[in-house]
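K.L.:
Next comes the sequence, and after it the predicted model I'd like to discuss.
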Amino acid sequence: MTFELHLLATPKAVPELRHRLRAHSYDVRLCATELVTNVIDHVGEGTPVTVRVRDTDTGNTRVEVTDPDPRALPVLLRATATDEHGRGMALLDALALRWGVEQGADRKTVWCELNGLTGRGC
(Lines give C-alpha, C1' and ligand atoms only; values in the text may rest on other atoms or scores of the structure.)
Protein backbone atom coordinates (compact mmCIF):
# COMPACT_ATOMS: atom_id res chain seq x y z
CA MET A 1 0.00 0.00 0.00
CA THR A 2 1.32 3.45 -0.91
CA PHE A 3 0.05 6.81 0.31
CA GLU A 4 1.22 10.02 -1.37
CA LEU A 5 0.15 13.58 -0.68
CA HIS A 6 1.42 16.91 -2.04
CA LEU A 7 0.89 19.84 0.30
CA LEU A 8 2.28 23.14 1.50
CA ALA A 9 4.11 22.80 4.82
CA THR A 10 2.05 25.01 7.10
CA PRO A 11 0.92 24.58 10.70
CA LYS A 12 -2.63 24.09 9.41
CA ALA A 13 -1.47 21.21 7.16
CA VAL A 14 -0.14 19.15 10.10
CA PRO A 15 -3.51 18.08 11.58
CA GLU A 16 -4.86 17.61 8.04
CA LEU A 17 -1.98 15.24 7.28
CA ARG A 18 -2.57 13.38 10.55
CA HIS A 19 -6.23 12.96 9.53
CA ARG A 20 -5.34 11.78 6.02
CA LEU A 21 -3.05 9.13 7.55
CA ARG A 22 -5.74 7.81 9.92
CA ALA A 23 -5.52 4.33 8.34
CA HIS A 24 -1.91 4.14 9.56
CA SER A 25 -0.53 3.70 13.05
CA TYR A 26 0.09 6.44 15.57
CA ASP A 27 3.86 6.06 15.01
CA VAL A 28 3.50 6.63 11.26
CA ARG A 29 1.31 9.69 11.82
CA LEU A 30 3.74 11.06 14.42
CA CYS A 31 6.83 10.57 12.25
CA ALA A 32 5.18 12.09 9.16
CA THR A 33 3.98 15.15 11.04
CA GLU A 34 7.34 15.61 12.78
CA LEU A 35 9.09 15.57 9.40
CA VAL A 36 6.65 18.13 7.96
CA THR A 37 7.08 20.29 11.08
CA ASN A 38 10.85 20.20 10.52
CA VAL A 39 10.29 21.57 7.02
CA ILE A 40 8.17 24.40 8.45
CA ASP A 41 10.80 25.22 11.08
CA HIS A 42 13.99 24.82 9.03
CA VAL A 43 13.08 25.41 5.38
CA GLY A 44 10.10 27.75 5.76
CA GLU A 45 6.37 27.89 6.13
CA GLY A 46 4.59 27.35 2.82
CA THR A 47 7.28 25.10 1.35
CA PRO A 48 5.81 22.52 -1.05
CA VAL A 49 6.38 18.97 0.20
CA THR A 50 5.48 15.47 -0.82
CA VAL A 51 4.65 12.96 1.90
CA ARG A 52 4.84 9.26 1.06
CA VAL A 53 4.11 6.21 3.19
CA ARG A 54 4.78 2.81 1.69
CA ASP A 55 5.49 -0.76 2.60
CA THR A 56 9.06 -1.95 2.03
CA ASP A 57 10.19 -5.26 0.58
CA THR A 58 11.23 -6.31 4.09
CA GLY A 59 7.73 -5.79 5.52
CA ASN A 60 8.45 -2.48 7.24
CA THR A 61 6.78 0.89 6.69
CA ARG A 62 8.75 3.76 5.18
CA VAL A 63 7.73 7.39 5.72
CA GLU A 64 9.26 9.99 3.37
CA VAL A 65 8.98 13.77 3.19
CA THR A 66 10.52 15.50 0.17
CA ASP A 67 11.14 19.25 0.02
CA PRO A 68 12.96 21.52 -2.46
CA ASP A 69 15.93 22.52 -0.22
CA PRO A 70 18.83 20.06 -0.40
CA ARG A 71 20.92 22.16 2.03
CA ALA A 72 18.72 22.25 5.17
CA LEU A 73 19.59 18.84 6.62
CA PRO A 74 18.07 17.37 9.78
CA VAL A 75 20.28 17.18 12.85
CA LEU A 76 19.80 14.80 15.73
CA LEU A 77 19.99 16.86 18.93
CA ARG A 78 19.70 15.81 22.55
CA ALA A 79 17.41 18.46 24.02
CA THR A 80 17.55 19.21 27.72
CA ALA A 81 14.46 19.46 29.90
CA THR A 82 14.36 23.25 29.45
CA ASP A 83 14.94 23.38 25.67
CA GLU A 84 11.93 24.48 23.65
CA HIS A 85 13.13 22.89 20.40
CA GLY A 86 15.26 19.97 19.29
CA ARG A 87 13.12 16.98 20.16
CA GLY A 88 11.63 16.12 16.75
CA MET A 89 14.50 14.13 15.28
CA ALA A 90 15.27 12.55 18.67
CA LEU A 91 11.68 11.33 18.79
CA LEU A 92 11.91 10.02 15.24
CA ASP A 93 15.25 8.36 16.06
CA ALA A 94 13.66 6.61 19.06
CA LEU A 95 10.66 5.33 17.08
CA ALA A 96 12.33 4.36 13.80
CA LEU A 97 14.41 1.32 13.00
CA ARG A 98 16.54 3.67 10.91
CA TRP A 99 16.31 7.03 9.19
CA GLY A 100 18.28 9.07 6.71
CA VAL A 101 18.40 11.68 3.98
CA GLU A 102 18.56 11.28 0.22
CA GLN A 103 19.83 14.44 -1.45
CA GLY A 104 19.28 15.53 -5.02
CA ALA A 105 20.48 18.64 -6.83
CA ASP A 106 17.21 20.46 -6.17
CA ARG A 107 15.56 18.53 -3.32
CA LYS A 108 16.00 16.20 -0.40
CA THR A 109 13.96 13.38 1.04
CA VAL A 110 14.10 12.72 4.75
CA TRP A 111 12.87 9.22 5.49
CA CYS A 112 12.40 6.80 8.33
CA GLU A 113 11.56 3.14 8.47
CA LEU A 114 9.25 1.71 11.11
CA ASN A 115 8.68 -1.88 12.11
CA GLY A 116 5.93 -3.34 9.91
CA LEU A 117 3.97 -4.38 12.98
CA THR A 118 3.66 -0.74 14.08
CA GLY A 119 3.21 0.69 10.61
CA ARG A 120 -0.54 0.29 10.29
CA GLY A 121 -3.34 0.88 12.68
CA CYS A 122 -6.00 -1.72 13.37
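P.N.:
Cool, got the structure. In this text the structure is predicted, and so the values were computed from the model without any measurement.
K.L.:
C-alpha only now, for contacts and for neighbours.
P.N.:
Fine.
K.L.:
Next one, pLDDT for the closest residue to Phe3 other than its chain neighbours please.
P.N.:
Distances taken as Cα to Cα, 6 or more residues apart in numbering place Val53 nearest to Phe3, at 5.0 Å, with adjacent residues excluded. At Val53, the pLDDT value in this model is 97.
K.L.:
And the helices in the chain?
P.N.:
13-20, 26-42, 88-95, 116-119 (DSSP state H).
K.L.:
Pick the most deeply packed of these.
P.N.:
Among those, ranked by average contacts under mean count of other Cα atoms under 10 Å, first place goes to helix 26-42 (a mean of 22).
K.L.:
Can you give the contact residues for that helix?
P.N.:
9-11, 14, 17-18, 21-22, 45-47, 49, 51, 63-65, 67, 72, 74, 88-89, 92, 95, 110, 112, 114, 118-121 (Cα atoms under 8 Å, 6 or more residues apart in numbering).
K.L.:
quick one, that helix and helix 88-95 angle?
P.N.:
160 degrees (axes from the mean of the first three to the mean of the last three Cα atoms, to 10 degrees).
K.L.:
Quickly list what the spatially closest residue to Ala96 that is not a sequence neighbour is bridged to.
P.N.:
Leaving out its chain neighbours, the residue that sits closest to Ala96 by Cα to Cα, 6+ apart is Leu114, at 4.9 Å. Counting by DSSP bridges, Leu114 is bridged to Thr61.
K.L.:
State the distance from Leu114 to Pro11.
P.N.:
24 Å (Cα to Cα, to the nearest Å).
K.L.:
of those two, who's got more company?
P.N.:
A direct count of neighbours by other Cα atoms under 10 Å for Leu114 and Pro11 places Leu114 higher, at 24 against 15.
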